[in-house]
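K.L.:
Turn this into a model:
(4 chains)
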2 protein chains.
Amino acid sequence: MYKISEAAIRANLPVKTVRYYGDIGLVNPAGRSDSGYRLYTDPDIAKLSFVGRARRYSFSIDQCRELLDLYEDEQRPSSVVKQITLEKIAEIDSRLHELQELRDELQHLAGCCHGDSRPDCPIIGKLSNDGLENGSF
Amino acid sequence: MYKISEAAIRANLPVKTVRYYGDIGLVNPAGRSDSGYRLYTDPDIAKLSFVGRARRYSFSIDQCRELLDLYEDEQRPSSVVKQITLEKIAEIDSRLHELQELRDELQHLAGCCHGDSRPDCPIIGKLSNDGLENGSF
DNA sequence: ATAAACCTTCCTCTAAGTGGAAGGTCAAGG
DNA sequence: CCTTGACCTTCCACTTAGAGGAAGGTTTAT
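P.N.:
Here you go, the predicted structure:
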């Protein structure tokens, strides 16, 4: 039985986060001491680590909740886990695509900008008027 | 002088967003009608459009505030604008890199998973124990 | 006159925590 | 015995960038 700071160290998470995961019912401490301190067991630490790792893999708290349920279910079909993972990959692909386009456009803009002390700047120009007729003021 | 919904249409932003930009002092309406309605001028619309475009380019509200100051400053040096843009590009590159690594790892995991009704799943295994010794429970 | 459409302010909610204040607990040292 | 410091508790506010909705005032059209 570890108090929260020890549990946090072992799970490699901030204390505040561990407390928060208890508050939202994601990972509850096994019990409380007489004085009200949260007490965590090794299985609790494992769950905390699991969530920490899943979070680092950019799974949302809700997805973590699902995964944790699966994690605890000895009968889980691996197809469900795979499904969640594939959805996450698709999400990442879409985000990658967006970011790539954005990056290219900004790169182009920056390349066009002479970057000196003259006040005219193609970046401002582009942001001011994206080919439409409302960019003057 | 346009009322808020007209201004929102012209700036291609939701009404709520236009009101919000006023609340946070980013783009204030030029004035108010006798009955208290916000009234926007063409220059206001141009500023709203500018912010909308910058936001779509993933500049933060604070960066928009900076850009708007530059936008309004006839003496702005383009070097400052270029600097902000280059910082944004670096930020995006870093995020792209992270996402790429994440994607590859999840892809690998998904590829290892047979995805059927058997309960053992390498994804869960990997999340449970990332090479450390606290993954059992 | 009244109904629809529009406007206002104010309040709550989002995700996933972080930061801090006020106060209780515990072990060590003087 | 007392105090100091580290640790713990709960509760509250703050973060991003708005979205959603309630209650009520205004304008426009029929």
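K.L.:
so which strand or helix has the residue nearest the centre of chain A?
P.N.:
Geometric centre of chain A, nearest residue: A:Ser58, 4.1 Å, by Cα atoms, centre = their mean. Secondary structure from DSSP states H and E places A:Ser58 outside every helix and strand.
K.L.:
quick one: contacts for the residue nearest to it when sequence neighbours are not counted?
P.N.:
Among residues not flanking A:Ser58 along the chain, B:Leu102 sits closest, at 6.0 Å (Cβ to Cβ, 6 or more residues apart in numbering or on different chains). Where you see a C-beta, it was placed from the backbone N, CA and C, and this is true even at glycine. Contact analysis of B:Leu102 by Cβ atoms under 8 Å, 6 or more residues apart in numbering or on different chains lists A:57-58, A:92.
K.L.:
where does chain A dip in pLDDT?
P.N.:
A:118-120, A:123-124, A:126-137 (pLDDT under 70).
K.L.:
DNA strand C contacts on that one?
P.N.:
A:14, A:16-17, A:20, A:33-36, A:55, A:60-62 (Cβ under 7 Å from any atom of the strand).
K.L.:
ChimeraX command to pick out the buried ones of the residues you listed?
P.N.:
Here is the ChimeraX command that selects the buried residues among these (16 or more other Cβ atoms under 10 Å in any protein chain shown):
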select /A:55
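K.L.:
hmm, back to that, you'd agree the residue nearest to the centre of chain A is up against A:Lys88?
P.N.:
Yes: counting by Cβ atoms under 8 Å, A:Ser58 does reach A:Lys88; the two are 7.0 Å apart.
K.L.:
Spit out the residues that contact these two alike.
P.N.:
What both A:Ser58 and A:Lys88 touch, as defined by Cβ under 8 Å, 6+ apart, is an empty set.
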